[in-house]
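S.K.: Build me a model from this:
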Amino acid sequence: MKLLYTAVFLLTIQDAFSQVEKGHNIYSGNMSVDYWNFSQPGSKTSTWNPRLGMEVHHFTKPGLAIGVEFNLRYFSQSMNFVENGASRPGRGHELSVIPQIRKYWKVSPFYVYAGAGLNLSQSSQKVYFEDESIRYSDYKFKAFSIVPQARLGILYPVNKRLSIEAAALSNVYPASFERLQLGLVIASNGDNVAQLKSADGVLSPHRWILSGTFKHSYNETRSYDQEVSEYYENSGTLVRVGTGVFISNRVLIGTDLTVGFRDNAINDQVSVGVMGNGSKKPWSFGIRPYLRKYLSDMRLVPYWEVGTSYSRIMAGVGATNTYSVDGSFGLAYVFGRRWLLHAKLVGMTVGYSSFPNNKSEIATLLGGEKISALFYASLKPSITLVYCLK
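M.R.: Residues are numbered from 1 along each chain as shown. Next comes the predicted model:
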């Protein structure tokens, strides 16, 4: 922990400066490894899904940067049938390289940028059925695409090496809105080391906090086969509300409450998944008590957090029950005496999920159990806004 704490402060104990000068660089990246083992009557399925992303931008002129983004995803799944010893293994990968250019403008105290690039993507997948070393069927898929992209973003410099970034990314043709992200970026070539200011008692005992997250997603698919067309849409809404109290200096205990709604099946990295029965749409709720420790009284402060959670998904069929434990390390930035921004940089979640047989008008899903583990590390994590009460 001491080495990690020292590394964070070497990156962050700098004054704010103009981060868009010629010769400067901006770096970012992410990594995650998702593993789960799902057991049903007669079969067991295990899946590995590691992801890696890196990004670098170099300023050739003041306010003008060229860069490249690299993303790699690997997929490996093995389904084993208990009764006859047959298996259904699958492999796949997706690789994308995105060269791009960005123009930055100073709109004090922010930097606004607009950019464009080309997403060069190659993917492949192979699935086959095997029984006693005899391969019966083979499914192969390969694809290559070149998609132009447009980007808009805004940076708020926290200090010489760290900025908060909000960015939107959209495909130009075929037109589609891909994602909206809020995270951190690290800049190089900083100098003039200075001490960070104190948080002035924001993290002191008996203060209460309130936090919340609202997320809504929507996607639709249309397919045409001669005169026959099919239309599919799916939307989801997630609301999280949290509260906590400082039981001692820089030590907080709290609880998060979550409610979610979906138009179709729910299936994430930890939960088994559930689908609706008739007109009943899946919805979920969860509770997560946690302990958080801030490592200093500075305005930019590292912290660690551990928690445990229970969630339940229902939709007029057998409910899914999920239990998990998690731990994370991140950075918090204190605004004034009331507001904090939390960014989880590294974390891990281990969960257990189970549900009975589900019979719906769409399909019958056999009950089962799922053990999962998810590790992630990112310089562009999701950010949570927290309000402190006296």
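S.K.: buried sites along the lengthiest strand in the chain?
M.R.: The longest strand of the chain (DSSP state E) is strand 134-157. Using 16 or more other C-beta atoms under 10 Å as the test for burial, strand 134-157 gives 147, 149, 151, 153-155, 157. All C-beta spots, glycine's among them, are computed from the backbone N, C-alpha and C.
S.K.: Quick one: the helices in the chain, in order.
M.R.: Per DSSP state H, the chain has helices spanning 2-12. These are given in chain order.
S.K.: Contacts for stretch 304-313, please.
M.R.: 1, 256, 258, 266, 271, 273-274, 282-293, 295, 319-330, 344, 355 (C-beta atoms under 8 Å, 6 or more residues apart in numbering).
S.K.: Derive a PyMOL selection command for the buried subset of these.
M.R.: Buried residues within the contacts of stretch 304-313, by 16+ other C-beta under 10 Å, are selected in PyMOL with:
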select buried, resi 256+258+266+271+273+274+282+283+284+286+288+290+292+295+320+321+322+324+326+328+329+330+344+355
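S.K.: Which of the contacts of stretch 304-313 fall in strands?
M.R.: Reading strands off the contacts of stretch 304-313 with DSSP E, I get 256, 258, 283-293, 320-330, 344, 355.
S.K.: Distance of residue 310 relative to residue 348?
M.R.: Distance, residue 310 to residue 348, using C-beta to C-beta, to the nearest Å: 18 Å.
S.K.: Could I get the buried residue list for stretch 372-389?
M.R.: Per 16+ other C-beta under 10 Å, stretch 372-389 contains these buried residues: 372-374, 376-381, 383-384, 386, 388.
S.K.: Columns pLDDT on top of these, output as TSV?
M.R.: Output for those, formatted as TSV (pLDDT from 0 to 100):
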residue	pLDDT
372	90
373	92
374	90
376	88
377	88
378	82
379	75
380	70
381	70
383	69
384	71
386	72
388	73
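S.K.: so which of these comes closest to residue 119?
M.R.: Distance to residue 119 across the buried residues of stretch 372-389 (C-beta to C-beta) is lowest for residue 380, with 17.2 Å.
S.K.: thinking that closest one is in contact with residue 27, fair?
M.R.: No - Residue 380 is beyond contact range of residue 27, at 10.8 Å (criterion: C-beta atoms under 8 Å).
S.K.: residue ranges with poor pLDDT in the stretch 201-350 of the chain?
M.R.: 217-235, 264-280, 316-317 (pLDDT under 70).
S.K.: which residues does residue 32 contact?
M.R.: By C-beta under 8 Å, 6+ apart, the contact list for residue 32 reads 50-51, 374-378.
S.K.: Show me what residue 75 is bridged to.
M.R.: On the basis of DSSP bridges, residue 75 is bridged to residue 92.
S.K.: Go ahead and confirm it touches residue 92.
M.R.: Yes - using C-beta under 8 Å, residue 75 and residue 92 qualify as a contacting pair, with a distance of 4.2 Å.
S.K.: Now list whatever residues contact both of these two.
M.R.: Shared contacts of residue 75 and residue 92, defined by C-beta under 8 Å, 6+ apart, comprise residue 125.
S.K.: Around residue 253, how many other residues sit close by?
M.R.: Neighbourhood size, residue 253 [other C-beta atoms under 10 Å]: 13.
S.K.: which ones are touching it?
M.R.: Counting by C-beta under 8 Å, 6+ apart, residue 253 makes contact with 244-245, 247, 289-292.
S.K.: ok, which stretches of the stretch 1-150 of the chain are strands?
M.R.: Secondary structure of the stretch 1-150 of the chain, counting by DSSP state E, counting those that start in this stretch: strands at 25-40, 43-61, 64-81, 87-107, 110-131, 134-157.
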